[in-house]
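Asks: need a 3D model of the sequence below.
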Amino acid sequence: MTTVIEETRFSVLDRSRTRESHPAPEALRDTVALAQDLERLGYHRVWVSEHHGVPGVAGSAPTVLAAAVAAATRSIRVGTGGVMLPNHQPLVVAEQFGVLESLFPGRIDMGLGRSVGFTDGVRRALGRDKDVADDFAGQLDELLAYFTGSDGASPTRVHARPTEGLTVAPFVLAMGEGASIAARAGLPMVIGDFRGRERMLRGIDRYRAQFRPSAWADEPYVMISGTVAVAGSEPEARRLLVPEAWSMAHSRTHGTFPPLPPAERVAGLDMTAKERELYESGLRGHIVGTEQQVTDELEAVIKESGAQEVLVTTSTYDREGLLESFRRLARIARLTPA
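Replies: You can find the predicted model right below:
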C-alpha cells in the first residue's frame, strides 16, 4: 500500500543563489549540475527563477537558464518559477517558450508570476512602476492566446512564432489574487510557503472553489512550495537553513539581499536585536529534520492541502549538504532513479 507521500510528485525550484567567495557564474553552473543530479534521483521537474539586480541571486534570465538546464538533461521537466509577466511583453514570453518547446518537446513548463522588481531602481530599469494598475490577468490571457492561435491574441493580431500548435504547460504562481486568476484561467497553481500554512490553505480552497476547466486543465492542480531540509539529525538539517535565514534578515534591515554566507560565519555574527528577531523568524516554520520527522510533516501538509505536487525551494551555502538533503527526500518519497 502506497503512502500519500509516495503518491505525490516532488520537484525543485533552484534560485541560483550566489555564495560568499564564489563568483555568480558558478551559481549558474551549480544550477545546471544540480538539475542533472535531480534527474538521476527521480525528481519530476526542475525550475529556475527570475530576479533582477539582486547580489545574492545569479538567475536573471530564466528562459536562457532553462535552455541550458534542458540541454544538460534528458527526461526531467524544465521550467520557470517563474517568468514575471509584469516585466515582459506577452509576445516575447510566448516566443521564448515556443523556442524552448521546439528544442525540447514535451519537457517545458511555463511558470508565470506577477512580482515586479526588488527595488525602485530595478523597477525603473525594467520600465515598471509599482503604482501602475496590475493587469496580470490580461497579460496572461494574451500570452495563452498566442499558443491557442486566437485571432484576439493582440490588438494587431500578431502571431507568435513558433507557438501555434505547441503545448507548453502553464502554471500560475499564486500570491494574493493569483489563486483566483489561476482558477478563472483554468490553470495549475503553485502556492506557498509552509510558514504561512493557514493562508496557503485558504488560497487553495479559493482556487478549487473558483476553478473553471479549460483547454489547459480539466480539474484543479495544486503544487505547494516551500523549504524542506533533511539530514541525519535535526541540528544538521537546521544548519542548512542558517545562510538563507541570515540573508533574508540582512535584506530586511539593510535593503540588499547578499550572497549566502557559510553557517559557521553566521554563528559568530554580532546581530542587532532586529536582525536577531528576523533571523530566528527565518528559521521557523519550514519542514526540517530527520527522515522520520520530515516524513511526518510532509504527510500532514499534503493531507491538509490535497496537493498533487511539492515544489522544494531550499537554498544553502553547503552544496553537498543540499544534495544530500535531496537524496534523503528522494528516499522518503521513493522516487524512481533515472
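Asks: C-alpha only now, for contacts and for neighbours.
Replies: OK.
Asks: residue 264: which element?
Replies: helix 263-267 (DSSP states H and E).
Asks: which residues touch the helix or strand containing residue 252?
Replies: Assigned by DSSP H and E, residue 252 belongs to helix 234-254. Contacts with helix 234-254, where a contact means C-alpha atoms under 8 Å, 6 or more residues apart in numbering, come from 229-231, 256-263, 266, 274-276, 278-283, 288-290, 314-318, 321-322, 325.
Asks: sorry, back to before: so how far is the helix holding residue 264 off the chain centroid?
Replies: 26 Å (C-alpha atoms, centre = their mean, to the nearest Å).
Asks: state the mean pLDDT of whichever helix or strand residue 331 is part of.
Replies: Assigned by DSSP H and E, residue 331 belongs to helix 319-333. Helix 319-333 shows a mean pLDDT of 98.
Asks: and if you look at stretch 229-244?
Replies: For stretch 229-244, the per-residue pLDDT averages 98.
Asks: chain center to that stretch: distance?
Replies: 20 Å.
Asks: try stretch 111-128
Replies: Using C-alpha atoms, centre = their mean, the offset of stretch 111-128 from its chain centre is 17 Å.
Asks: for the nearest residue to residue 291 once chain neighbours are set aside, give its distance to residue 334.
Replies: Excluding its sequence neighbours, the residue lying closest to residue 291 (C-alpha to C-alpha, 6 or more residues apart in numbering) is residue 230, at 6.1 Å. Plainly put, residue 230 is 15 Å away from residue 334 if you go by C-alpha to C-alpha, to the nearest Å.
Asks: how about residue 203?
Replies: From residue 203 to residue 334 the distance is 29 Å (C-alpha to C-alpha).
Asks: so the helix holding residue 331 versus helix 234-254, what angle?
Replies: Relative orientation of helix 319-333 versus helix 234-254 (axes from the mean of the first three to the mean of the last three C-alpha atoms, to 10 degrees): 120 degrees.
Asks: in helix 319-333, what counts as buried?
Replies: Within helix 319-333, the residues scored as buried using 16 or more other C-alpha atoms under 10 Å are 321, 322, 324, 325, 326, 327, 328, 329, 330, 331, 332, 333.
Asks: burial count for residue 161?
Replies: Number of residues near residue 161 (other C-alpha atoms under 10 Å) recorded here: 16.
Asks: which of the three states applies to residue 203?
Replies: helix (DSSP: H, G, I helix; E, B strand; the rest coil).
Asks: now it. Nearest residue, chain neighbours left out?
Replies: Per C-alpha to C-alpha, 6+ apart, closest to residue 203 is residue 179, 5.9 Å.
Asks: remind me what the helix holding residue 264 packs against, helices and strands.
Replies: Other elements packing on helix 263-267 under the criterion 3 or more C-alpha pairs under 8 Å, 6 or more residues apart in numbering; DSSP states H and E are helix 234-254.
Asks: chain center to the helix it packs on, what's the gap?
Replies: 18 Å.
Asks: can I get it in PDB? Just the C-alpha atoms.
Replies: In PDB, the C-alpha atoms belonging to helix 234-254 read as follows (Å, rounded to 0.1, in the frame of the first residue of the first chain):
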ATOM      1  CA  GLU A 234      17.600  17.700  13.300                       C
ATOM      2  CA  PRO A 235      20.600  20.100  14.100                       C
ATOM      3  CA  GLU A 236      22.300  19.100  10.900                       C
ATOM      4  CA  ALA A 237      19.200  19.800   8.900                       C
ATOM      5  CA  ARG A 238      18.600  23.200  10.600                       C
ATOM      6  CA  ARG A 239      22.100  24.200   9.900                       C
ATOM      7  CA  LEU A 240      21.300  24.100   6.200                       C
ATOM      8  CA  LEU A 241      18.700  26.800   6.800                       C
ATOM      9  CA  VAL A 242      21.100  29.300   8.500                       C
ATOM     10  CA  PRO A 243      22.600  31.000   5.400                       C
ATOM     11  CA  GLU A 244      19.300  31.800   3.800                       C
ATOM     12  CA  ALA A 245      17.700  32.900   7.100                       C
ATOM     13  CA  TRP A 246      20.600  35.400   7.700                       C
ATOM     14  CA  SER A 247      20.400  36.700   4.100                       C
ATOM     15  CA  MET A 248      16.700  37.400   4.500                       C
ATOM     16  CA  ALA A 249      17.200  39.100   7.800                       C
ATOM     17  CA  HIS A 250      20.000  41.200   6.200                       C
ATOM     18  CA  SER A 251      17.800  42.200   3.300                       C
ATOM     19  CA  ARG A 252      15.100  43.400   5.600                       C
ATOM     20  CA  THR A 253      17.400  45.500   7.700                       C
ATOM     21  CA  HIS A 254      19.800  46.800   5.100                       C
END
